[in-house]
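Chemist: Sequence first, predicted model second:
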Amino acid sequence: MTPSTALGRIQPSATLAMTSRVLELKAKGVDVIGLGAGEPDFDTPDFVKEAAIRAIRDGQTKYTNVDGTAALKKAIVDKFARDNDLTYTPDQVSVNVGGKHTLFNALVATIDPGDEVIVPAPYWVSYPDIVQFAGGTPVFVAAGSDQNYKVTPDQIEAAITQKTKWLILNSPSNPTGAAYTADELRAIGRMLERHPHVWVMADDMYEHITYDGFEFATIAQVCPTLYDRTLTVNGCSKAYSMTGWRIGFAAGAPWLIKAMAKLQSQSTSNPCSIAQAAAVAALSGPQDFLGERAKAFQKRRDLVVGMLNAIPGVTCPTPEGAFYVYPDLSGVIGRTTPKGELLDTDEKIVGYLLDEGRVAAVHGGAFGLSPALRISYATSDDLLRTACERIGEAIFALR
Ligand code: PLP
């Protein structure tokens, strides 16, 4: 027996691989600071935990409806109305085992061999792999630091062919933190009106983590003409610090929601009943702590952006959201370590920073735009300060 052809088309997640490497090093007693994981360091709020405990006590411990309980679908409908001015009905809502599973279901349920999916780069690591697993082809459109990591309507239009099925828009972005304004989304929407066969997958996972008064917008909200062909994806992982609970969801066309449920019925069945009860509490409970957490992230962003930009050779744009920065390493590439190793790729720079600086980040190549690295600043101010000092010292030691 050998692994399948479909499996051969994908790679293990680079970010999860770095997280495992950090855990291994820590287990060996190495004092390494992990800035690789895409996970808030805040705890799940107590009122969410309490709802899960109540659900266990009340016997909500059995199979549920495949793509979400009626209570959670209602909470999601209310969430989209409250936060995004979007009107959906429960038959337009799908609940899945984390946002990654939502995207997986939607792509696998709609892609035929040869179909193309436009993926702006830098991209979240899983998009191309899921598209390839489904038999499709990711078509990359690159936006560097010079355009604040945001693609333009013209760039997207140049990539559209008759085979294009989806455009994936992730705002705020993992890995850059860049977020599209309502006007930028409207401009993309106007262009897409000329291409009615292209659907939009709006990955809004970081909706609640934005800075400096940035007003989050999602494309189905600001371009009503695209409502029927947009799947609006969101989840509990990042906003509510619920990465381990595995609840993601999406809203869109009823036929697509049904297709996703059909696939899910033959794979995971329903998401965990207890996690669904917790998600109802998260989405319907007090939301004021979201703003407080975003403020704490903004302080860390300012600290990290400031310290990184003070390192010669490193250029770090200031992101509008999420908890990542994506410094450009053009000024570091091609330099030599004190041991004589030529750092001619960002993967080697990241390896050097891990070995000599004891700081773990993820290289830009994993996200489709080099030379760069992604730093997740979802950790304490003290650790971030020490990590940036270590990065600075390690880079200063290069020739
Ligand atoms: N989309 C983006 C842009 C992400 O960064 C992530 C998680 O890293 C996900 C989706 C998936 O989130 P989940 O942990 O709910 O599967």
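Modeler: Received, thanks.
Chemist: Which pLDDT value goes with Val22?
Modeler: Note for Val22: predicted pLDDT of 85.
Chemist: Kindly provide the distance from Ala394 to the ligand.
Modeler: Computed as C-beta to the nearest ligand atom, to the nearest Å, the Ala394 to the ligand distance reads 26 Å. For every residue, glycine as well, the C-beta is placed using N, CA and C.
Chemist: In the stretch 201-350 of the chain, mark out all the helices, start to finish.
Modeler: 219-222, 254-265, 273-284, 288-309, 346-357 (DSSP state H, counting those that start in this stretch).
Chemist: could these be laid out in JSON lines, adding mean neighbour count, mean pLDDT and distance to Glu393?
Modeler: JSON lines is the format used below for those (neighbours: other C-beta atoms under 10 Å; pLDDT from 0 to 100; distance: least, C-beta to C-beta, whole Å):
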{"stretch": "helix 219-222", "mean neighbour count": "23", "mean pLDDT": "98", "distance to Glu393": "43"}
{"stretch": "helix 254-265", "mean neighbour count": "17", "mean pLDDT": "98", "distance to Glu393": "49"}
{"stretch": "helix 273-284", "mean neighbour count": "23", "mean pLDDT": "98", "distance to Glu393": "41"}
{"stretch": "helix 288-309", "mean neighbour count": "16", "mean pLDDT": "96", "distance to Glu393": "12"}
{"stretch": "helix 346-357", "mean neighbour count": "21", "mean pLDDT": "94", "distance to Glu393": "7"}
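Chemist: among the ones you listed, which is nearest the ligand?
Modeler: helix 273-284 (10.9 Å; C-beta to the nearest ligand atom).
Chemist: how about the residues of the stretch 1-150 of the chain that lie near the ligand?
Modeler: With C-beta under 6 Å from any ligand atom as the criterion, the stretch 1-150 of the chain meets the ligand at residues Gly38, Gly98, Gly99, Lys100, Trp124.
Chemist: Take those and keep only those in helices.
Modeler: Among these, the members found in helices (DSSP state H) are Gly99, Lys100.
Chemist: For the residues of the stretch 1-150 of the chain next to the ligand, name the two members farthest from one another.
Modeler: The most widely separated members of these, counting by C-beta to C-beta, are Gly98 and Trp124 (13.0 Å).
Chemist: between the helices of the stretch 201-350 of the chain, which one is nearest to Val332?
Modeler: Ranking the helices of the stretch 201-350 of the chain by proximity to Val332 (C-beta to C-beta) places helix 346-357 first, at 5.9 Å.
Chemist: Can I get that closest one in CSV, CA atoms only?
Modeler: Taking Å, rounded to 0.1, in the frame of the first residue of the first chain, the C-alpha atoms of helix 346-357 are listed here in CSV:
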residue,chain,number,x,y,z
ASP,A,346,14.4,33.0,3.7
GLU,A,347,14.1,29.4,4.9
LYS,A,348,17.8,29.5,5.7
ILE,A,349,17.4,32.9,7.5
VAL,A,350,14.6,31.4,9.6
GLY,A,351,16.8,28.3,10.4
TYR,A,352,19.6,30.6,11.4
LEU,A,353,17.3,32.7,13.7
LEU,A,354,16.1,29.4,15.3
ASP,A,355,19.6,27.9,15.8
GLU,A,356,21.5,31.1,16.8
GLY,A,357,18.7,33.5,18.0
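Chemist: Report the contact partners of whichever residue of the stretch 251-399 of the chain sits closest to the ligand.
Modeler: Nearest to the ligand in the stretch 251-399 of the chain, going by C-beta to the nearest ligand atom, is Ala322, at a distance of 7.6 Å. Each residue near Ala322 by C-beta atoms under 8 Å, 6 or more residues apart in numbering is listed here: Pro172, Ser173, Asn174, Thr176, Gly177, Ala179, Tyr206, Ile209, Lys238.
Chemist: One more pass at 10 Å, please.
Modeler: By C-beta atoms under 10 Å, 6 or more residues apart in numbering, the contact list for Ala322 reads 38, 170-179, 205-207, 209-211, 238, 297, 301, 376-378.
Chemist: likewise Ser126?
Modeler: For Ser126, the contacting residues are Ile10, Ser13, Ala14, Thr15, Leu16, Gly99, Lys100, Leu103, Phe104, Leu107, Phe133, Asn174, by C-beta under 10 Å, 6+ apart.
Chemist: Once you drop chain neighbours, what's closest to the third one?
Modeler: Leaving out its chain neighbours, the residue that sits closest to Ala14 by C-beta to C-beta, 6 or more residues apart in numbering is Ala366, at 3.6 Å.
Chemist: How about the second one?
Modeler: What sits nearest to Ser13 in space, not counting adjacent residues and going by C-beta to C-beta, 6+ apart, is Val125, at 5.5 Å.
Chemist: can you check Arg190 too?
Modeler: Among residues not flanking Arg190 along the chain, Pro153 sits closest, at 7.2 Å (C-beta to C-beta, 6+ apart).
Chemist: Now do the phi/psi pair for that neighbour.
Modeler: With angles defined as degrees, to the nearest 10, Pro153 sits at phi -60, psi -40.
Chemist: residue contacts, Asp344?
Modeler: Contacts for Asp344 (C-beta under 10 Å, 6+ apart) come out as Ile333, Gly334, Arg335, Thr336, Pro371.
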